[in-house]
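Enquirer: The following comprises the amino acid sequence and a computationally predicted model.
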Amino acid sequence: MITKKPLSHMGESNIGWIKSTHHYSYDKYENPKYNSFGVIKVLNDDVILPRSGFHNHPHYDMEILSYVIDGELTHGDSLGNNKILKKDEIQYMSAGSGITCEEHNFGVNPLRFLQLWILPNKKLSNPNYMNYNFSLNRKNNQWIYMVSNKNGLAPVKVNQDVNIYSALVEKDKDIDFNIRENRQGYLVQIFGKSFVTSTYDKNHTVLLEERDALEIYEDNVKIQPIENSHFLLIEMNSIPIKIYQ
């Protein structure tokens, strides 16, 4: 089963230096229908103007991922990490028992990145940080495995049963993804435009445009871009679980 979530059903905020699309309730945007999806607590599509950013602030008990789409993200934290991330790089912070951080755009162009908060499977773990550049092994028209659980095979490993993939797919090329039994997925059309068809209900096809999303439940979907497209797909357990162990 697939359910489209168009951009018009998401929250929008613009306070000058940052413009955001909120897939789920966040800060002043509250939508009881979209408080979360599985273990996804926050998914923001942020655009930050040059010489702006988030000053030092704390986080606790959250797995936080930032995926750079365009521009440069400058990161600093209380663990002593100081990094500059560029297009197609991802950073991971396991906030655990507590971490403070700051994120800025010190570049000359707007910074666009996806900020993803995932509920962890254990509480008060040791804070951790890592970053990874996926442009080094990026190939068009296929899924790139970015994030897995601690026992998984992705370069970035988090404290939760979740798998995250991205793909750059050319116009008129097809790509598919199978969401197995008792699993669910969330597909984000970062840019471009595509048709997505349910394999289990071949009469059900939806059109995704830039910043639209799609909820997928136990289905094998076929994605057919009609423009060059960039996707993010988050796959997880669909059975209610105890978040903290």
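Expert: Arrived safely, thanks for sending. Numbering: from 1, shown residues only.

Enquirer: Asn31: what's its closest spatial neighbour, skipping adjacent residues?
Expert: Excluding its sequence neighbours, the residue lying closest to Asn31 (C-beta to C-beta, 6 or more residues apart in numbering) is Ser25, at 5.4 Å. For glycine as for every other residue, the C-beta is placed from the backbone atoms N, C-alpha and C.

Enquirer: Likewise for Asp77?
Expert: Using C-beta to C-beta, 6+ apart, the closest residue to Asp77 is Cys101 (4.0 Å).

Enquirer: Which secondary structure state is assigned to that neighbour?
Expert: strand (DSSP: H, G, I helix; E, B strand; the rest coil).

Enquirer: my guess is it meets His75, correct?
Expert: Yes - counting by C-beta atoms under 8 Å, Cys101 does reach His75; the two are 6.7 Å apart.

Enquirer: Is the most far-flung residue of the chain relative to its centre in a helix, a strand, or coil?
Expert: Note on the chain: the largest C-alpha distance from the chain mean falls to Asn203, namely 28.4 Å (C-alpha atoms, centre = their mean). Classification of Asn203 by three-state DSSP places it in coil.

Enquirer: List the contacts of the residue nearest to Asp77.
Expert: 54, 56-57, 59, 75-78, 93 (C-beta atoms under 8 Å, 6 or more residues apart in numbering).

Enquirer: Point out where this structure drops to low pLDDT.
Expert: 136-137, 240-245 (pLDDT under 70).

Enquirer: Which residue comes closest to Gly192 once chain neighbours are left out?
Expert: The shortest distance from Gly192 to any non-neighbouring residue, by C-beta to C-beta, 6+ apart, is to Ser229 (2.9 Å).

Enquirer: Burial check on the one you found, number of neighbours?
Expert: Per other C-beta atoms under 10 Å, the neighbour tally for Ser229 reads 24.

Enquirer: ok, now the one 5 residues further on?
Expert: Here the number of neighbours of Ile234 (other C-beta under 10 Å) works out to 25.

Enquirer: same thing with the one 5 residues further on?
Expert: One way to gauge burial is a neighbour count; for Ile239, by other C-beta under 10 Å, it gives 9.

Enquirer: On the three-state scheme, it is what?
Expert: What three-state DSSP gives for Ile239 is coil.

Enquirer: Please name the residues that touch it.
Expert: Residues counted as contacts of Ile239 (C-beta under 8 Å, 6+ apart) are Asn182.

Enquirer: same check, this time on Tyr29
Expert: Here Tyr29 is in contact with 11-13, 22 (C-beta under 8 Å, 6+ apart).

Enquirer: Beta-bridge partners for it, please?
Expert: Tyr26 (DSSP bridges).

Enquirer: roughly how far apart are it and His9?
Expert: Distance of Tyr29 to His9, given as C-beta to C-beta, to the nearest Å: 12 Å.

Enquirer: Which neighbours do those two have in common?
Expert: Counting by C-beta under 8 Å, 6+ apart, Tyr29 and His9 have no shared contacts at all.

Enquirer: Helix or strand next in line after the one helix or strand Thr21 maps to, which one?
Expert: Taking DSSP states H and E as the criterion, Thr21 maps to strand 18-22. Reading on from strand 18-22 to the C-terminus, the next helix or strand found by DSSP H and E is strand 40-48.

Enquirer: then that following strand to CSV, C-alphas only?
Expert: The C-alpha coordinates for strand 40-48 follow below in CSV (Å, rounded to 0.1, in the frame of the first residue of the first chain):
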residue,chain,number,x,y,z
ILE,A,40,11.0,9.0,12.6
LYS,A,41,10.4,11.9,15.0
VAL,A,42,11.5,14.8,12.8
LEU,A,43,12.2,15.3,9.1
ASN,A,44,13.0,18.8,8.1
ASP,A,45,14.0,20.1,4.7
ASP,A,46,16.0,23.2,5.6
VAL,A,47,17.5,26.0,3.5
ILE,A,48,19.9,28.3,5.4
